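**Q** test case, fold it:
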Amino acid sequence: MTHVTISDIAATLGISTAAVSYALNGRPGVSAATRQRVLDLVEEMAWKPDSTARSLRSRRSMAVGIALSRDPEEIAYEPFYSYIQAGIEQALAARGYSLMISRPGRRPGAELDVYRTWAAQRRVDGVILFDLLADDPRRGVLPELRLPFVEVTSEDAGPAPRVLVDDAADAANLVRHLADQGYRSLVHLSGPVELTHERLRADAIARTAAAFGLDVIHGVCRYTMEDGIRGFLEAFEEVGKGPTAAAGAPGRPLGVIASSDLLALGALRGAQRLELGVPDQVGVVSWDDSLPCRISNPPLTSLERRPIEMGRLAADLLLDRLDGRHRDLVRLPPSELTVRASSRRDASSGSHDAEGLLTSV
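**A** Residues are numbered from 1 along each chain as shown. Take a look at the predicted model:
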């Protein structure tokens, strides 16, 4: 059979086309046994939804949009959003949707213009928001455009359904690890502080560091390796002028928390440029795990934040909203810290953690 239709599936199983539709879309109205029979036959017959026909019937575009307002080189070299995109596309494809992506850059208002165009041309049925801001203008514009949206955010509360990422727990995990390894002062290299998640991370790092009696120097960077080098060199110079002037010396090793893998790689390069021993004098940890973290020299201690699952959850949350099934909040499972040579000063590190989320390789 060259082109399988819902009618073919219904005829084969001896049920109505409506029952097949309910089963495929996860809606009530069919038994669990019938739904499983439909799904098994769909797989056997290699059926794929006809998005054009569905679009005409439902007046939907059968597409979801994301717009990334970052510099092109950040997107090109930063693998985190590639992982998220893969998760989104996986979830969308399973329900007959496609993904539309725009990269409007950082020009003020450019991302909002993208949404206005999409809404006017009915290009997408909804959007997924990343990189939330305090008083984010998108939260006001999208309802005016009648464009449903969900957020991936660190904020507990908000105006839209959201996938909640526990950045505070991640911050505590990173600081605790560095303190356990004997690092006596910290440098935090973050992205722009107008981003809500960066502000929440900075607050959580400062709070946890204070509980351990650690000083923190905060450097703000773009998400590039070059800015990671610059940020580390500037922060190290500032550390040397303050009360922790011996930081980096054998008795006062310095820990660096970088908000992305590229920033962490830059910090590693900066430490090596100053001929500082890693991890004995300087330890570096990355908020995001990636292949570059695993193959760097030395390999970087990193948080596995499950970005593919993050994207999948966000897409399912949005599609559920479009189908009238409202959920306010989905929590991303806790991140897992993988300890590698960039911060492993103590041979016993990685054997325990307050949340049980440390592994060692």
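
**Q** out of everything not next to it in sequence, what's closest to the residue most central in space within the chain?
**A** Nearest to the centroid of the C-alpha atoms of the chain, with distances taken as C-alpha atoms, centre = their mean, sits residue 307, at 4.6 Å. With C-beta to C-beta, 6 or more residues apart in numbering as the criterion, residue 307 has its nearest non-adjacent residue at 3.8 Å, and that residue is residue 83. In this view, the C-beta of every residue, glycine as well, is placed from N, C-alpha and C.

**Q** report how many residues lie close to the one you found.
**A** 19 (other C-beta atoms under 10 Å).

**Q** show me what counts as buried in the helix or strand hosting it.
**A** Assigned by DSSP states H and E, residue 83 belongs to helix 80-94. For helix 80-94, the buried set under the neighbour-count rule, 16 or more other C-beta atoms under 10 Å, comprises 80-81, 83-85, 87-89, 91-92.

**Q** ok, stretch 5-16 next?
**A** Buried residues in stretch 5-16 (16+ other C-beta under 10 Å): 6, 8-10, 12-13, 15.

**Q** for those, work out which two are farthest apart.
**A** 8 and 15 (12.1 Å; C-beta to C-beta).

**Q** CA atoms only: put the helix holding residue 83 into PDB for me.
**A** Output of helix 80-94 as PDB, limited to C-alpha atoms (Å, rounded to 0.1, in the frame of the first residue of the first chain):
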ATOM      1  CA  PHE A  80      22.800  23.500  23.700                       C
ATOM      2  CA  TYR A  81      20.100  24.800  21.500                       C
ATOM      3  CA  SER A  82      20.800  22.200  18.800                       C
ATOM      4  CA  TYR A  83      20.000  19.600  21.500                       C
ATOM      5  CA  ILE A  84      16.800  21.400  22.500                       C
ATOM      6  CA  GLN A  85      15.800  21.700  18.900                       C
ATOM      7  CA  ALA A  86      16.200  18.000  18.400                       C
ATOM      8  CA  GLY A  87      13.900  17.300  21.400                       C
ATOM      9  CA  ILE A  88      11.300  19.700  20.100                       C
ATOM     10  CA  GLU A  89      11.300  18.200  16.600                       C
ATOM     11  CA  GLN A  90      11.000  14.700  17.900                       C
ATOM     12  CA  ALA A  91       7.900  15.600  19.900                       C
ATOM     13  CA  LEU A  92       6.300  17.600  17.100                       C
ATOM     14  CA  ALA A  93       6.900  14.900  14.500                       C
ATOM     15  CA  ALA A  94       5.200  12.300  16.700                       C
END
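
**Q** contacts for the helix or strand following that helix, please.
**A** Using DSSP H and E, the helix or strand that follows helix 80-94 towards the C-terminus is strand 98-102. Residues outside strand 98-102 that contact it (C-beta atoms under 8 Å, 6 or more residues apart in numbering): 51, 62-68, 85, 88-89, 92, 111, 114, 118, 123-124.
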